[in-house]
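Novice: Build the 3D model from these lines:
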Amino acid sequence: MDRIDPFLHILPNIDVHGYTEDMVMTVVNEFIDDCYKLGYDKIYVIHGKGYGILKRKIHSSLKHNRKVKNFYLYNFNTGCTIIELVERR
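Specialist: Residues are numbered from 1 along each chain as shown. Next up, the predicted model:
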């Protein structure tokens with residue numbers, strides 16, 4: 001039986017498995033916008049491990065998103081990226 005990390009169950013998240021490199025940021029940016037409007041300060045994206053194509057695309061784009069304060073891989077699962085959002089004004 002796998003251990004379940006309760007941390008993952010309290011944060012809003014989106015799973016982008018199956019999205020193409022061209023489409024993934026449309027979905028992720030909409031998710032970030034929605035969570036920002038709702039006042040969340042931390043969210044996560046499940047992109048998977050695989051070849052790292054989605055992870056690289058997401059991380060590259062997050063660097064330029066004004067609503068993103070910080071992002072990093074989740075320590076217990078490198079197939080997830082934790083995103084800290086800036087405080088809503």
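
Novice: Counting residues, name the longest helix you see in the chain.
Specialist: Counting residues, the longest helix in the chain under DSSP state H turns out to be helix 24-37.

Novice: tell me what that one is packed against?
Specialist: strand 13-15, strand 42-46, helix 53-62, strand 77-85 (3 or more C-beta pairs under 8 Å, 6 or more residues apart in numbering; DSSP states H and E). Every residue, glycine included, has its C-beta placed from N, CA and C.

Novice: what comes into contact with it?
Specialist: By C-beta atoms under 8 Å, 6 or more residues apart in numbering, the residues outside helix 24-37 that reach it are 12, 14, 16, 19, 43, 45, 47, 54, 57-58, 61, 65, 67-68, 83, 85-86, 88.

Novice: Please export the alpha-carbon coordinates of that helix; PDB is fine.
Specialist: Output in PDB follows, covering the C-alpha atoms of helix 24-37 (Å, rounded to 0.1, in the frame of the first residue of the first chain):
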ATOM      1  CA  VAL A  24      -0.100  22.600 -21.600                       C
ATOM      2  CA  MET A  25       0.500  26.200 -20.800                       C
ATOM      3  CA  THR A  26      -3.000  27.300 -21.900                       C
ATOM      4  CA  VAL A  27      -4.400  25.000 -19.300                       C
ATOM      5  CA  VAL A  28      -1.900  25.800 -16.600                       C
ATOM      6  CA  ASN A  29      -2.200  29.500 -17.100                       C
ATOM      7  CA  GLU A  30      -6.000  29.300 -16.800                       C
ATOM      8  CA  PHE A  31      -5.600  27.300 -13.600                       C
ATOM      9  CA  ILE A  32      -3.200  29.800 -12.200                       C
ATOM     10  CA  ASP A  33      -5.500  32.700 -13.100                       C
ATOM     11  CA  ASP A  34      -8.500  31.000 -11.400                       C
ATOM     12  CA  CYS A  35      -6.600  30.100  -8.300                       C
ATOM     13  CA  TYR A  36      -5.200  33.700  -8.100                       C
ATOM     14  CA  LYS A  37      -8.700  35.100  -8.300                       C
END
